[in-house]
Every structure is written in structure tokens, then in C-alpha cells.
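>>> Here's my sequence, what's the structure:
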Amino acid sequence: MLTQGQVGPIAISTSLNPGVQPAMRLGNMGDSIITELQGRYYENSYRGAAYRYGIVSITTPAGLIASGTPFTGSGLYNPPGSGVNMVLLSHEYAFSVAFAAASFVGLQVAYNSSGATAVTAGTGQHNALAGGAGATLGYNGKILPFSSITMSSVGVVDKIVGAGLTGAITTVPSTLNTVSEIAGALIIPPGGAVASYTSTASGTSGAAYSWYWAEVPL
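Numbering: from 1, shown residues only. Sure, this is the predicted structure:
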């Protein structure tokens, strides 16, 4: 099927009337010109294909996932046989306790076709359409949030998003969480995991994370 459009403005200073069927607007490279009616993630959230999970008062360990060793932090695990790719849209983090030693803060990934050997599941995961059909706060997804995971492979740093520092944060009136926009640039297939990464351990029970992802059939 051939779809054609018109390069350049279709209406400059006036609005088009309801029912009018104008040509699709194109850019000079033949690209479609599209503006958003709803928010960027509205469609996936409204259709029940996007999910959220958050956890507070945890301690992130120093370094990467090690083969055969439990990793205790925060993350998302895509079990083998899930039938979906986990598409990370964003994640947020905040620290309420100073680090003992300055740290890089980011994301790490690990993968094994046979999956994890042990997982401690998180609780409170839910559809972005709050109250949608499902078991736990409207959760009907395939992805498993975790507070601990053991993989037979090692983690690798995927993205650095900030730093954890050692200053006396109790003197600061308030701090904001940091939002890391991923927008689908990271895809975790079945057997893989994405997890928090800090190069040194975070302040004791002072870390909080939340995750937002979509699930796309293979």
C-alpha cells in the first residue's frame, strides 16, 4: 500500500474544520510530521501494556552482578518463556543517606538464556493504568521485579545516570529524585535482567528506586 503526503505546511494561520481530509504532512526528507495529542506514554499505559514498580529504604551493593552470587539491589527480571521483551521506559532513584565513598550511579544488565538461578520477588508492582485487571494492584505483567537475584553470568554497566556523594545531606532542606529517561533504548529479552548499579555501596537503607516499562510480545 502506498501512502502519500504533502511536503511543507498544510494550514499556516487557520485551523482545519472537522471532517476535512487533508494530505498527510511530510518533512523535506519524506518524514511524517506528527505531534502528540496525549502524553508520550499514554497509549501503552491506557492499553494496560505498561507497568510500574517502586521500592524504598534499600542498600545497593558495590559493583556488578557476579556469577553465582546473590545481588541485592533493585531491578527487573524477564524470565525465560515470558513471551515478551521488556522495554525500559524510565527509572527514578533517590538517596536519603550519604555514601561512605563517592559512587557512580547507573544501570547494569545481565543475561543468560536459561535465566536466573534464584530470584527474590518484589511486591507492589502494578499496571500504569492503576486498578486495571490483574492480581497485585492491577498487575498482569510477565516481568518480575526483584530485590535479590542470582545469575550464572556477570553484569555489565549499561548507563551512568549520576553520582552518589559523601556530603552531609542532612543540612540540605530537600532533594529531588532523579529521573532517567530511557524511552525504549534498552530492551531486556527473556533470560535477562536490568538492575541498579552503584560503584560503591549506598548509604545504609538510604536508596529508593522506581521503574517504568512496557511489555512487547516477541
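>>> what's across from the residue nearest to T3 when sequence neighbours are not counted in the sheet?
In this structure, T3 finds its nearest non-sequential neighbour in M24, 6.8 Å apart by C-beta to C-beta, 6 or more residues apart in numbering. (Glycine included, C-beta is placed from N, CA and C.) M24 has these beta-bridge partners by DSSP bridges: G5.
>>> what does V156 give?
Beta-bridge pairing for V156 (DSSP bridges): V109.
>>> Count the neighbours of it for me.
Residues lying near V156 (other C-beta atoms under 10 Å) number 12.
>>> And it, how far from T170?
V156 sits 35 Å away from T170, going by C-beta to C-beta, to the nearest Å.
>>> which residues of the protein fall in strands?
5-7, 24-26, 50-58, 71-77, 84-95, 103-111, 118-121, 126-127, 144-150, 156-164, 178-188, 192-198, 207-217 (DSSP state E).
>>> wait, I182 sits on M86?
No: if you go by C-beta atoms under 8 Å, I182 and M86 don't touch, sitting 11.1 Å apart.
>>> Who has more neighbours out of the two?
Ranked by neighbour count (other C-beta under 10 Å), I182 and M86 place M86 first, with 26 against 20.
>>> ok, the more buried one touching P217?
No: M86 lies out of contact with P217 (C-beta under 8 Å); the separation is 11.6 Å.
>>> residue contacts, the residue nearest to S90 when sequence neighbours are not counted?
Distances taken as C-beta to C-beta, 6+ apart place Y212 nearest to S90, at 4.7 Å, with adjacent residues excluded. Going by C-beta atoms under 8 Å, 6 or more residues apart in numbering, Y212 touches Y41, A50, Y51, R52, L88, L89, S90, H91, A128.
>>> Cheers, nothing more for now.
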